[in-house]
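**Q** could you look at this predicted model? Sequence included:
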Amino acid sequence: MQYTIQQIAEALGAECQGETSLMIERAAEPSDAGASDLAMAMSPKYAEALSNGSARAAVLWEGADWQALGLAAAIFVPRPRMAMAGITSMLDGGQGVEPGIHTSAVIDPTAELAEDVAIGPLTVIGARARIGKGAIIGAHCVIGMDAVLGENALLREMVSIGARARIGDRFIAQPGARIGGDGFSFVTPEVSGAENARKTMGDQGGARAQSWLRIHSLGAVEIGDDVEVGANCTVDNGTIRNTSVGNGSKLDNLVHVGHNTRVGEDCLLCGQTGVSGSVEIGNNVVLGGQTGVVDNIFIGDGVIAGGGTKILSNVPAGRVIMGYPGIKMETHTDIYKAQRRLPRMARDVEALKKAVFKQPPSD
């Protein structure tokens with residue numbers, strides 16, 4: 001897959017100069033770039049690294065002197081990460097799933113496959129499943145009965161989609177993603193120690209051990225358009241209603257979304273975030289890595305949670321939070337600063353005590 005500098009610049013809506021007919025085969029770090037590579041040097045801090053490589057063309061910051069950098073051609077971009085999105089999309093060579101259906105795939109005769117579908121080795125597609133136009137399904141994937149997968153979906157290897165799941169267009173699932181496992185729902189015949197602890201916030205005392213009975217998941221999973229889920233990400237079925245993920249949301253590796261939870265549109269759930277059951281998450285919410293969310297709460301539109309935050313209560317729209325429990329970020333920062341001062345304060349108090357107690361008694 002090769003493109004000229006002119007073609008790349010036009011795709012980005014960017015300016016280019018120099019030998020714009022140069023052919024580019026791949027993108028590369030500035031110091032590693034060869035003659036047919038496009039060096040990604042979108043900040044002045046990469047200027048020196050360009051001299052260590054052999055690049056003839058580079059993506060540069062606006063106003064860069066490309067000729068002084070020894071280049072034959074350059075593309076100028078105002079927003080580096082936006083440029084990265086376009087360039088990497090153009091130069092992505094894919095995963096090598098061949099067009100058509102691999103002979104080892106097992107497809108139920110009642111399944112419906114649209115045109116231009118590619119299905120890799122040892123994939124299983126269940127009864128009445130529907131696969132949209134242009135979908136690419138990698139090796140060892142499983143798509144359950146009555147599941148619907150939209151157009152131009154991409155499932156990497158070993159992805160599983162449970163029965164009755166409804167997934168929109170341009171869905172991307174990284175290796176090992178699991179959509180539509182049963183929810184983690186259990187109950188005891190009598191009130192359990194866990195329930196009592198939740199009510200009383202105290203010890204359970206002499207409560208006896210109890211066995212757990214399974215609550216089955218009758219719901220499924222609904223996922224909108226343009227959603228991406230990371231490697232080993234899990235989204236559980238709902239108990240009665242469906243678990244849902246809105247249009248444009250992105251779930252990182254090892255993210256867990258519990259049963260009945262509803263994730264809004266254009267949310268980012270970063271690595272190792274865990275969301276309990278029956279949580280309502282608004283639109284444009286960002287949960288930093290290792291955020292934990294307790295069950296049966298809501299998180300308003302536009303909330304941002306810093307990495308490691310533990311959200312134990314409702315969060316109003318627009319709030320930026322951090323800590324355990326999650327509180328306003330500025331409040332958390334003040335508390336953290338105060339904590340750092342505690343050892344010094346303790347030493348000062350000790351010194352004051354010694355000074356006071358050494359004073360001779362007054363007449």
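**A** Happy to help now that I have it. Numbering: from 1, shown residues only.
**Q** how close does the residue nearest the centre of the chain get to residue 183?
**A** The residue lying closest to the centre of the chain (Cα atoms, centre = their mean) is residue 252, at 2.3 Å. Applying Cβ to Cβ, to the nearest Å, the value for residue 252 to residue 183 is 21 Å. The way it works is simple: take the backbone N, C-alpha and C, and place the C-beta from them, glycine included.
**Q** residue 111: what's it in contact with?
**A** 125, 126, 127, 128, 129, 130, 131 (Cβ atoms under 8 Å, 6 or more residues apart in numbering).
**Q** state the distance from the third one to residue 75.
**A** From residue 127 across to residue 75, the span is 50 Å (Cβ to Cβ).
**Q** equivalent analysis for the first one, please.
**A** Counting by Cβ to Cβ, the separation of residue 125 from residue 75 is 42 Å.
**Q** and these two? which has more neighbours close in?
**A** Shown here are residue 125 and residue 75; by other Cβ atoms under 10 Å, residue 125 has more neighbours (28 against 25).
**Q** ok, the more buried one touching residue 101?
**A** No - Residue 125 is not in contact with residue 101 according to Cβ atoms under 8 Å; the separation is 9.5 Å.
**Q** for stretch 323-343, list every residue counted as buried.
**A** 323, 326, 327, 329, 332 (16 or more other Cβ atoms under 10 Å).
**Q** quick one: the fourth one and residue 309 touch, right?
**A** If I follow you right, that is residue 329. No - contact between residue 329 and residue 309 fails when scored by Cβ under 8 Å: they sit 9.2 Å apart.
**Q** mutual contacts of these two, please.
**A** What both residue 329 and residue 309 touch, as defined by Cβ under 8 Å, 6+ apart, is the set 321, 322.
**Q** please flag which of the buried residues of stretch 323-343 sit within helices.
**A** 329, 332 (DSSP state H).
**Q** of the buried residues of stretch 323-343, which pair is most distant in space?
**A** Greatest spatial distance in those: 326 and 329, 9.2 Å, computed using Cβ to Cβ.
**Q** mean confidence score for stretch 304-318?
**A** What stretch 304-318 shows for mean pLDDT is 96.
**Q** distance check, residue 261 against residue 324.
**A** Noted for residue 261: a distance of 21 Å to residue 324, by Cβ to Cβ.
**Q** circling back: name the residues contacting each of residue 125 and residue 101.
**A** Shared contacts of residue 125 and residue 101, counting by Cβ under 8 Å, 6+ apart, come down to 107, 113, 119.
**Q** got any ranges where the chain has weak pLDDT?
**A** Residues of the chain meeting the criterion pLDDT under 70: 204-209, 359-363.
**Q** all helices of it, in order?
**A** Assigned by DSSP H, the chain shows helices spanning 5-12, 47-50, 80-91, 193-200, 329-357.
**Q** what comes into contact with the shortest one?
**A** What that stands for is helix 47-50. Under Cβ under 8 Å, 6+ apart, the answer for helix 47-50 is 29, 30, 31, 33, 39, 41, 58, 64, 69, 70, 71.
**Q** the nearest residue to residue 12 once chain neighbours are set aside: neighbour count?
**A** Nearest non-adjacent residue to residue 12, counting by Cβ to Cβ, 6 or more residues apart in numbering: residue 86, 4.7 Å away. Residue 86 is flanked by 15 other residues according to other Cβ under 10 Å.
**Q** you'd agree residue 86 is up against residue 9?
**A** No - if you go by Cβ under 8 Å, residue 86 and residue 9 don't touch, sitting 10.0 Å apart.
**Q** do you know how far residue 19 is from residue 254?
**A** In terms of Cβ to Cβ, residue 19 sits 45 Å off from residue 254.
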